[in-house]
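[1] Give me the fold of what follows.
(chains A and B)
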Amino acid sequence: MNPPVLEASDLVKRFPVRHGLTRRLVGHVTAVDGVSLCVEPGQTLGVVGESGCGKSTVARLLTRLVEPTSGTIRVAGRELTALDEVALRPVRRDLQMVFQDPFSSLNPRQTVQQILASPYLYQGLKPKEPVEELLERVGLRPEHAARYPHEFSGGQAQRVGIARALAPRPKLVVCDEPVSALDVSVQAQILNLLKDLQEEYGLAYVFIAHDLGVVRQISARVAVMYLGAIVETADRDTLFSHAAHPYTHALLSAVPLPDPDAERSRERITLRGDLPSPLHPPSGCPFRTRCPKAADRCAAERPALQAIATGHEVACHYPEPLSAERTS
Amino acid sequence: MTLLTVRGLSVDFLSGVRAVDGLDLELAAGRVLGVVGESGSGKSVTSLAVMGLLPPDARVTGEVRFDGRELNGVGQRTLRGLRGNRIAMIFQDPLSCLNPYYPVGFQVAEAYRAHRRAGRRAAHRVAVRMLERVGIPEPERRARAYPHEFSGGMRQRVMIAMALCLEPDLLIADEPTTALDVTVQAQILDLLRDLRERSGTAIMLITHDMGVVAGLADDVVVMYGGRAVERGTVRDVFYRPRETYTKGLLACVPRVDGPLPVRLPTLRTPVTAAGEASEVTV
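    Numbers count the residues shown, from 1 in each chain, chains lettered A, B, ... in the order given. Modelled structure (predicted):
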């Protein structure tokens, strides 16, 4: 087996919470609470969860746009957390990012030509290929190089963002909700493009999204996050057909199916209430306040992420039995 | 009985953009009409045109008949008598629709008092009862809380309580769950289903999400470029779509169930009066 292109272990990020005029420190919010991830070359790991679960903070930790409180990140075997800004720069060749909002992540005063040349400029590299070719790879035309971001539609601008990430020929691209600002038809095109590029360049992706359908379409493995922690991880088919964590079940059953008969006849697990505040997380299992299966043990003791089958880990005291037939 | 009839509705903006182009719609009392389309298809402009809420630089032509009465071209006074009272509307972003300075119970009561002769206390009781009905726990206490103290899902419940406190005949819901997380979306969709069964309010549900339409609508209109490209019962549109655009729109949604395509099918767009559909042909 190839060594993983990304290995993150026990990542923790606490943000200080300040109040009032004197910015008095009143506590900490734990946005990411002990997340470990592993991505193999050329593979896609999907990270899915609802707003506030810490998935975007994970993306920013992996690219070191945010400094982790503790934990380690290894990219292509190199330890990242100890590196300073200068030493980090060559690593960033291997590690690129695509953002959710294509317009706010492109400089409005630069042409596409300048935007796509900047990775080389900052890396001190000779361009690996002409900008025109790069544009063609992402489905744009060479003459687009002279245009500014505002002249593009959302889908086209996201293609520019992808081209920029691709320019230094990275091994890993962290995509933070790259298609959630796009219409479904455009979303389909961008997902297809990401898949094509993966095959062509052997890219690995960490693909962060809230849309389970999108994550299923693109990922080989999937990690489900809740309140800063991974609650379940498995290969795609196992997760979507034999989910073991009650939260994963609830998430899957909450997605409306574009099929009137199936959508109206299926049994739905509707979660009560809202996400608890990460400022005051519940004791024990973070999901217990909304969990239909919660018992006394869940309040007392936090379940650890444990393997229940090869490559299938769940953080739950009472996971669904694996033999159960599931109608998805 | 037909509650809302839209005939040949067109909306032109001074900039020269024709956002809606000769649209026909019909919505019977107590039914749910799903209006689906991608951004720029004219679905939101249509709902604003029905409510008479478009800015002055929009020219609205065509018929909008609500309960036998023509609404297009009538004065603001008449419209104000209907809005909230017989036609209510909820939007995508509940926070921008609530006044941050007033407790939510006060705002629901205010909506009630705008159309009914009721004292403050009576209106407050109505508000608390409505908040309870839309599933807000401890409604008596929460009625005194301010919008910022609520989560997104709870705020949307407040908006629904405000919209339904006068028992309108028609609720226009413009992307009511788009800003919400999927588990909260499921709660709000359950609530809308339940309210519709109990109160018989007709709903015009505007959304881009085919799944939301599949679960709630009786009839569906698919819009593109300001026109209805397909219409029919929800089963006809989902199981027997006639238009290539509808077929494409259904096929390109990545699903959590069923077979997994290696590549998602992409979409061919219909030709419209405006001519081009640059986004999709990139």
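
[2] switch to C-alpha atoms for all contacts and neighbour counts from now on
    OK.

[3] Point out where the chain drops to low pLDDT.
    Using chain A here. Applying pLDDT under 70 to chain A picks out residues A:1, A:322-328.

[4] To clarify, I was referring to chain B.
    Applying pLDDT under 70 to chain B picks out residues B:268-282.

[5] Residue numbers of chain A in contact with chain B?
    Residues of chain A lying near chain B by C-alpha under 8 Å from any C-alpha of the partner chain: A:50-51, A:139-140, A:153-156, A:183-186, A:188-189, A:191-192, A:212-214, A:216-217, A:240, A:250-252, A:254-261, A:263-264, A:270-271, A:274, A:328.

[6] Quick check: ChimeraX command selecting the buried ones in the residues you listed.
    To isolate the buried ones among the residues of chain A next to chain B in ChimeraX, judged by 16 or more other C-alpha atoms under 10 Å in any protein chain shown, type:
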select /A:50,51,139,140,153,154,155,156,183,184,185,186,188,189,191,192,212,213,214,216,217,240,250,251,252,254,255,256,257,258,259,260,263,270,271
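
[7] Now go through the residues of chain A next to chain B and say which are in strands.
    Per DSSP state E, strands hold no members of the residues of chain A next to chain B.

[8] Give me the spatial nearest neighbour of residue B:27, chain neighbours excluded.
    residue B:4 (5.1 Å; C-alpha to C-alpha, 6 or more residues apart in numbering or on different chains).

[9] partners of the helix or strand containing the one you found in the sheet?
    In this assignment (DSSP states H and E), residue B:4 forms part of strand B:2-13. Take DSSP bridges as the rule and strand B:2-13 pairs in its sheet with strand B:18-28 (antiparallel), strand B:58-66 (antiparallel).

[10] Can you tell me what sits against the shortest one?
    Translated: strand B:58-66. Residues outside strand B:58-66 that contact it (C-alpha atoms under 8 Å, 6 or more residues apart in numbering or on different chains) are B:3-14, B:22, B:49-50, B:70-72.

[11] and these, which are buried?
    The neighbour-count test (16+ other C-alpha under 10 Å) applied to the contacts of strand B:58-66 identifies B:3-13, B:22, B:49-50, B:71-72 as buried.

[12] Among those, which one sits closest to residue B:242?
    Proximity of the buried ones among the contacts of strand B:58-66 to residue B:242 (C-alpha to C-alpha) peaks at residue B:22, which lies at 20.2 Å.

[13] Stretch B:177-197 near chain A anywhere?
    Yes: using C-alpha under 8 Å from any C-alpha, stretch B:177-197 reaches chain A at B:181, B:182, B:183, B:184, B:185, B:186, B:187.

[14] Pop out the phi and psi values for residue B:57.
    Main-chain dihedrals, residue B:57, degrees, to the nearest 10: phi -80, psi 10.

[15] burial count for it?
    10 (other C-alpha atoms under 10 Å in any protein chain shown).

[16] now the helices for chain B?
    For chain B, the helices defined by DSSP state H cover B:43-51, B:76-82, B:104-115, B:120-133, B:139-142, B:152-164, B:182-199, B:210-216, B:234-239, B:244-251.

[17] Could you export those helices as a markdown table, including distance to residue B:260?
    Converted to a markdown table, the helices of chain B look like this (distance: least, C-alpha to C-alpha, whole Å):
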| stretch | distance to residue B:260 |
| --- | --- |
| helix B:43-51 | 30 |
| helix B:76-82 | 48 |
| helix B:104-115 | 45 |
| helix B:120-133 | 40 |
| helix B:139-142 | 45 |
| helix B:152-164 | 31 |
| helix B:182-199 | 21 |
| helix B:210-216 | 17 |
| helix B:234-239 | 19 |
| helix B:244-251 | 11 |
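
[18] where do the strands sit along the stretch 51-200 of chain A?
    Here the stretch 51-200 of chain A has its strands, by DSSP state E, counting those that start in this stretch, at A:70-75, A:78-79, A:95-98, A:172-176.

[19] Could I get those in TSV, plus columns for distance to residue A:37 and mean neighbour count?
    TSV is the format used below for the strands of the stretch 51-200 of chain A (distance: least, C-alpha to C-alpha, whole Å; neighbours: other C-alpha atoms under 10 Å in any protein chain shown):
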stretch	distance to residue A:37	mean neighbour count
strand A:70-75	9	19
strand A:78-79	14	15
strand A:95-98	15	24
strand A:172-176	13	25
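
[20] Using CSV, lay out these together with distance to residue B:83.
    Below are these laid out as CSV (distance: least, C-alpha to C-alpha, whole Å):
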stretch, distance to residue B:83
strand A:70-75, 55
strand A:78-79, 62
strand A:95-98, 44
strand A:172-176, 41
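
[21] burial count for residue A:23?
    Neighbours of residue A:23 (other C-alpha under 10 Å): 9.

[22] Over to it: give its phi and psi.
    phi 50, psi 50.

[23] measure it to residue B:148 for me?
    21 Å (C-alpha to C-alpha, to the nearest Å).

[24] Which of the residues of chain A next to chain B fall in helices?
    Filtering the residues of chain A next to chain B for helices - DSSP H - leaves A:154-156, A:184-186, A:188-189, A:191-192, A:212-214, A:216-217, A:240, A:250-252, A:254, A:260-261, A:263-264.

[25] residue of the stretch 151-300 of chain A with the smallest distance to chain B?
    Evaluated by C-alpha to the nearest C-alpha, the stretch 151-300 of chain A has residue A:258 as its residue closest to chain B, separated by 3.9 Å.

[26] contacting residues for the nearest residue to that residue once chain neighbours are set aside?
    Nearest residue to residue A:258, sequence neighbours excluded (C-alpha to C-alpha, 6+ apart): residue B:211, at 3.9 Å. Residue B:211 is in contact with A:255, A:256, A:257, A:258, A:259, A:263, counting by C-alpha under 8 Å, 6+ apart.

[27] my guess is the fourth one contacts residue B:216, does it?
    The reference is to residue A:258. No: counting by C-alpha atoms under 8 Å, residue A:258 sits too far from residue B:216 to count as a contact (10.9 Å).

[28] Now do residue 133: how many residues are near it, please.
    Assuming you mean chain A. Around residue A:133 there are 14 residues (other C-alpha under 10 Å).

[29] You answered for a different chain; I wanted chain B.
    Residues near residue B:133, counting by other C-alpha under 10 Å: 16.

[30] Next: residue A:32.
    Count around residue A:32 with other C-alpha under 10 Å applied: 28.
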